[in-house]
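Engineer: return a 3D structure for these sequence lines:
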Amino acid sequence: MAQSFDHESASASADTETSPLERLAEIAARTAEETGKFANVDAILRIPVTMQVVLGSATIPVANLMKLGRGAVVPLDHRVGEPVDVVVNGRVVARGEVVVVEEDNSRFGVSLTEIVGPLGQGET
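Structural biologist: Numbers count the residues shown, from 1 in each chain. Here you go, the predicted structure:
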């Protein structure tokens, strides 16, 4: 089954800026329509997942952990300016930089700089 390529819609879609996750959802929806394997992609897209942003980690002995108190500083393995990991259901899916949310200066957000590929390879 041959498919035609519509240059106008391709250039229009290139002009609009979509997030990598939106592109992934579009590809999943298009694939489901073409193959007919999924009766309702919307049901899949509504499944909640846990997303975390990992600023860094530290390994310390239990004795030092017990000494921690208010005001203690625990150095992390990430340095200032290094990308943070975006983890979904325990798997790193992207990396980004911490930003202050424009609408509300009392909250942080993450600006994605890299989407991690299926084999751990990044694509920007």
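
Engineer: ok, which stretches of the chain are helices?
Structural biologist: Residue ranges of the helices in the chain, as given by DSSP state H, are 7-15, 20-35, 41-45, 62-67.

Engineer: ok, residue 45 to residue 21 distance?
Structural biologist: Using CB to CB, to the nearest Å, residue 45 is found at 10 Å from residue 21. No exception for glycine: its C-beta is placed from N, CA and C like everyone else's.

Engineer: same question for residue 47.
Structural biologist: With CB to CB as the criterion, residue 47 and residue 21 are 14 Å apart.

Engineer: and those two? Which one has more around it.
Structural biologist: residue 21 (13 against 6; other CB atoms under 10 Å).

Engineer: distance of the more buried one relative to residue 29?
Structural biologist: For residue 21, the distance to residue 29 - CB to CB - is 13 Å.

Engineer: do residue 110 as well
Structural biologist: As judged by CB to CB, residue 110 and residue 29 stand 25 Å apart.

Engineer: again, but for residue 108
Structural biologist: The gap separating residue 108 from residue 29 is 31 Å, by CB to CB.

Engineer: which one of those two has more residues nearby?
Structural biologist: residue 29 (15 against 12).

Engineer: that one and residue 43 touch, don't they?
Structural biologist: No - the pair residue 29 and residue 43 fails to qualify as a contact (CB atoms under 8 Å) at a distance of 11.9 Å.

Engineer: now the strands for this protein?
Structural biologist: 51-54, 84-88, 91-100, 108-116, 122-123 (DSSP state E).
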